[in-house]
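S.K.: I need the structure of the sequence given here:
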Amino acid sequence: MAYENELKRYDNMYDEYRKKNEADTAKKKQQTTEDYDSKLKEAYISRMQNEKNLNENLKKSGIRGGATETSHLKLATNYQNTRNDIGKEKSRALQDIDSQATDNLFNYKQTTDQAKINYTEQREAEERQLAQNQQADNKAAALDLLQAKYGAYYDTGSLQRAYSSATTDQERAIIQARINYLTTYAKGY
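M.R.: Residues are numbered from 1 along each chain as shown. Reported below is the predicted structural model:
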């Protein structure tokens, strides 16, 4: 195949895309991690503010003992639930990024593989057509050569001997056509 370089170009394009896809995925995962870490920080800050407010409100209301413990426990439970929810969301988001990257890579691979197949088929068809054209040109040149060769004969006896030693049906047909011409039209020779 004379077009291996072009096929290699498709492989190189895929490798470049794969590297870019990996880099983009890493960036997205980093950004997602930062976003969810920020949400965790916000949840912590919110918990601390709520705890401070709770303590102040409980003091103002004069509530002590078990009620304060229950309120603090509820606040801690809410915070832990929020942390768990954020962790689950982060995990799902990172999985989605990986899944999307894998799907994109798979789709790109399919596209480049199909392009390689199409390119190969097109080139093979072009090569077959060129070979057919060359073969047709060779046949036409051989026919012209035979017509020129036997067109120079003006003696039917020489043509009869040439007919006997002819190797192809095409050559015999040209000789016979020349004999017919000479016997029909060229009586003056």
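S.K.: where in this structure is pLDDT low?
M.R.: 1-2, 186-189 (pLDDT under 70).
S.K.: ok, 80 please
M.R.: 1-3, 63-68, 186-189 (pLDDT under 80).
S.K.: quick one: contacts for the residue positioned nearest the centre of the chain?
M.R.: Nearest to the mean C-alpha position of the chain, by C-alpha atoms, centre = their mean, lies Thr112 at 1.4 Å. By C-beta atoms under 8 Å, 6 or more residues apart in numbering, the residues touching Thr112 are 10-11, 13-14, 17. All C-beta spots, glycine's among them, are computed from the backbone N, C-alpha and C.
S.K.: among these, which lie within helices?
M.R.: 10-11, 13-14, 17 (DSSP state H).
S.K.: ranges for the helices of the protein?
M.R.: 4-61, 66-151, 156-165, 169-184.
S.K.: next, the angle helix 169-184 makes with the third one.
M.R.: For helix 156-165 and helix 169-184, the angle between their directions (axes from the mean of the first three to the mean of the last three C-alpha atoms, to 10 degrees) works out to 160 degrees.
S.K.: start at 48, not 1
M.R.: Got it, first residue is 48 now, which makes that one helix 203-212.
S.K.: separation between Gln169 and Arg65?
M.R.: Per C-beta to C-beta, to the nearest Å, Gln169 is found 25 Å from Arg65.
S.K.: between the two, which is the more surrounded one?
M.R.: Taking neighbours as other C-beta atoms under 10 Å, Gln169 and Arg65 compare with Arg65 leading, 15 against 11.
S.K.: number of nearby residues for the closest residue to that one other than its chain neighbours?
M.R.: Nearest residue to Arg65, sequence neighbours excluded (C-beta to C-beta, 6 or more residues apart in numbering): Leu152, at 6.0 Å. The criterion is other C-beta under 10 Å. On that basis, Leu152 has 16 neighbouring residues.
S.K.: ok, Leu152 touching Lys66?
M.R.: No - taking contacts as C-beta atoms under 8 Å, Leu152 lies outside contact range of Lys66: 10.6 Å.
S.K.: find residues that contact each of the two.
M.R.: Joint contacts of Leu152 and Lys66 (C-beta under 8 Å, 6+ apart) do not exist.
S.K.: buried sites along stretch 98-105?
M.R.: Leu101 (16 or more other C-beta atoms under 10 Å).
S.K.: how about stretch 147-161?
M.R.: 148, 152, 155, 159.
S.K.: neighbours around the closest residue in space to Ile144 that isn't next to it in sequence, how many?
M.R.: Among residues not flanking Ile144 along the chain, Lys75 sits closest, at 4.9 Å (C-beta to C-beta, 6+ apart). Neighbours of Lys75 under the rule other C-beta under 10 Å: 17.
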